[in-house]
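Undergrad: need a structure here:
(2 chains)
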Amino acid sequence: MIQIRLHNTLTNDLQPLVPVHPGEVRIYTCGPTVYASAHIGNFRTFMFQDVLRRFLKSQGLRVLQVMNVTDVDDRIIQSAAAAGIGIREYTDKYIRAFVEDIDALHIQMPEELVRATDHIEDMVALIEKLQAKGLTYTSEGSIYFRIAKFPAYGRLSKIDVAGMQAGARVDVDQYEKDDARDFALWKAPKPGEHFWETRIGPGRPGWHIECSAMAMKYLGDTLDIHTGGVDLAFPHHENEIAQSEGATGKQFVRTWLHAEHLIIEGQKMSKSLGNFYTLRDLFARGHKPSTIRYLLLSVPYRRQLNFTEEGIVQARNSTERLRNFVTRLKTAQFPPGSNAENEKRIEKAENDFDAGLADDINTAMALAAVFDLVRDINTSMDRGTFLQQDAPRAVAAMEKFDDVLALLADDDDERLAKLGFSPQKARMAAAEVEALIEERQAAKKRRDFKRADEIRQKFADSGILLEDAKDGSVRWKYK
RNA sequence: GGCGCGGUCGCCAAGUGGUAAGGCAAAGGUCUGCAAAACCUUUAUCGGCGGUUCGAUCCCGCCCCGCGCCUCCA
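TA: Numbering: from 1, shown residues only, chains lettered A, B, ... in the order given. Reported below is the predicted structural model:
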């Protein structure tokens, strides 16, 4: 099997992936905080994780991925209170929307999608473990992690903790801490606030403890891979390490993978700049799920992705090229026989595709391998050297690529409909299309080009694309 | 100030110590009744200045520029 190498933030270099449990890769993914709809930047990160897990699976590895949903934090508590509903009810709708969104993008559901509020007991138990080891202290009912007791702190983010201490911009929380670097494991309830009554007192979990508790519960003390956006490396992931390794004494994560951010038209995405998009904003503007998927996965994850209007157009056209190619493979007529040259060419593409992804999930390289094949096979078809037996083989290769890319299925309208977006134009029924095509063919045959062109115009008005093939047959599709 | 990512064809974006993948766009062409669509072909010397080297876009140093993190954040 091909050696997969990944860029580990912890060591800042490329390392071979060697799963703790042979044949199975266990991944923890920092999921969304469900106080609002996820934005396109979130999906950049989730898209990376999807490509990663799909690739691992395509290599015959089992994947056990856990993604958390943070359904309790300050914003959620405040927003829910403002709406006059419980936090569970408040977050339910955003979780539902999130699941719909990732489905629309063909992002696979992790094996476990877990909510923080379902794991309060696990967090309490973990905090108790840390207490027993003397790594915590209590102040005004809140429990903090004492970083001074964990010398490895800062290794992941290469943060100079001493400098942090001296720095001016320390976290001025409402809580009392011994040291500005310390972080809350458990927060005492404020008046009127939602809280849990537990063995360690009333309150609610700090943000970081949920990930440590849930990751280890489902994946064991040492995970193969932990992913998230670059912004999470510090302090979130750093704190996860402190909590987990503080409790177990074992290495928490072997490989840390951090996805770079997405920016919009060269600028940081922010609500104040008015360039803050949810997925549905983009769908409402007429962009297809597959276009967004292509755009998000086409740029390797460790590179900032500049999300632009022009980029969307390019992504849409590129996706079309791929789909057109497969359509041609499936519908065109080829001379009988098979050609070993084509087989060789296809195998090369398969190898290049895997090699690209094995190299730290280099999607640009993988896509290049696919497009190289598209061009070469098209050429072979044009030259008549592509034969009948070659077609299913080429289709199989494209489908194999699509196990990872998930771009070929022409189901955009369906997926949009699920989210309540209807196609702009009423669709002409397929039977009607076929009938009109036949009529047009007949008109052409008797050289009644006026009538033929009328029909063609009618199709254009209905958003239907005609393709007159070389052999006289006609292919068509909805735009 | 510290840490990190990046500056390669009009746009997006790989890559390698020995003279640059791929996609989009553009131009030319094939096909066509004419078109469209589809397909083919063509198009860069790699931010700047030094250094190492027989040879650097790729190694080292300095500089310039963009973005991010260092406080909640994918």
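
Undergrad: got the residues of the stretch 1-150 of chain A near RNA strand B?
TA: Proximity of the stretch 1-150 of chain A to RNA strand B (C-beta under 7 Å from any atom of the strand) is limited to residues A:12, A:30, A:32-33, A:39, A:41-42, A:44-45, A:73. Yep, even glycine has a C-beta here, placed from its N, CA and C like the rest.

Undergrad: quick one: which of those residues is nearest RNA strand B?
TA: For these, the closest approach to RNA strand B (C-beta to the nearest atom of the strand) belongs to residue A:41, at 2.6 Å.

Undergrad: mind listing what the closest one touches?
TA: By C-beta atoms under 8 Å, 6 or more residues apart in numbering, the contact list for residue A:41 reads A:229, A:261-262, A:269.

Undergrad: ok, which pair from those is furthest apart?
TA: Put simply, by C-beta to C-beta the two of the contacts of residue A:41 set farthest apart are A:229 and A:269, 12.1 Å from each other.

Undergrad: Surely residue A:14 is in a strand?
TA: Yes - membership of residue A:14 in a strand is supported by DSSP: H, G, I helix; E, B strand; the rest coil.

Undergrad: for the nearest residue to it once chain neighbours are set aside, what are its contacts?
TA: With C-beta to C-beta, 6 or more residues apart in numbering as the criterion, residue A:14 has its nearest non-adjacent residue at 4.7 Å, and that residue is residue A:5. Residue A:5 sits next to A:14-17, A:358-360 when contact means C-beta under 8 Å, 6+ apart.

Undergrad: who's in contact with the residue of chain A found nearest RNA strand B?
TA: Relative to RNA strand B, the nearest point of chain A is residue A:229 (1.8 Å; C-beta to the nearest atom of the strand). For residue A:229, the contacting residues are A:30, A:41-42, A:45, A:258-259, A:261, by C-beta under 8 Å, 6+ apart.

Undergrad: the bottom helix or strand of chain A by mean pLDDT?
TA: Lowest mean confidence among the helices and strands of chain A (mean pLDDT, DSSP states H and E): helix A:161-166, at a mean of 51.

Undergrad: Can you give me the buried ones in stretch A:313-324?
TA: By 16 or more other C-beta atoms under 10 Å, the buried positions in stretch A:313-324 come out as A:315-316, A:318-320, A:322-323.

Undergrad: for the stretch 151-300 of chain A, what are the low-confidence residue spans?
TA: By pLDDT under 70, the weakly predicted segments of the stretch 151-300 of chain A are A:160-176, A:272.

Undergrad: could you redo the last one with a cut-off of 50?
TA: Along the stretch 151-300 of chain A, segments meeting pLDDT under 50 span A:165-175.

Undergrad: could you show me where the helices are in it, in order?
TA: A:161-166, A:207-219, A:238-248, A:279-284, A:289-298 (DSSP state H, counting those that start in this stretch).

Undergrad: Run through the neighbouring helices and strands of the longest one.
TA: With contacts defined as 3 or more C-beta pairs under 8 Å, 6 or more residues apart in numbering; DSSP states H and E, the packing partners of helix A:207-219 are strand A:24-29, strand A:62-69, strand A:112-115, helix A:120-132, strand A:183-187, helix A:238-248.

Undergrad: and for the last one, what are the contacting residues?
TA: Going back to what we said before, that points to helix A:238-248. For helix A:238-248, contacts defined as C-beta under 8 Å, 6+ apart pick out A:126, A:129-130, A:133, A:135, A:145, A:147, A:149-150, A:152-157, A:159, A:183, A:185, A:208-209, A:211-212, A:215-216, A:221, A:226, A:251-253.

Undergrad: what do you get for the shortest one?
TA: The contact list for strand A:112-115, computed with C-beta under 8 Å, 6+ apart, reads A:31, A:64-69, A:71, A:91, A:95, A:99, A:214, A:218.

Undergrad: Can you go through those residues and name the buried ones?
TA: Members of the contacts of strand A:112-115 classed as buried by 16+ other C-beta under 10 Å are A:31, A:64-69, A:71, A:91, A:95, A:214, A:218.

Undergrad: Farthest pair within those?
TA: Going by C-beta to C-beta, the pair spanning the buried ones among the contacts of strand A:112-115 furthest: A:64 and A:91, at 24.7 Å.

Undergrad: need the helices for the stretch 301-450 of chain A, in chain order.
TA: For the stretch 301-450 of chain A, the helices defined by DSSP H, counting those that start in this stretch cover A:309-331, A:340-358, A:363-383, A:390-405, A:412-418, A:430-445, A:449-461.

Undergrad: any idea how far the first one is from the chain center?
TA: Centroid displacement of helix A:309-331 relative to its chain, using C-alpha atoms, centre = their mean, to the nearest Å, is 20 Å.
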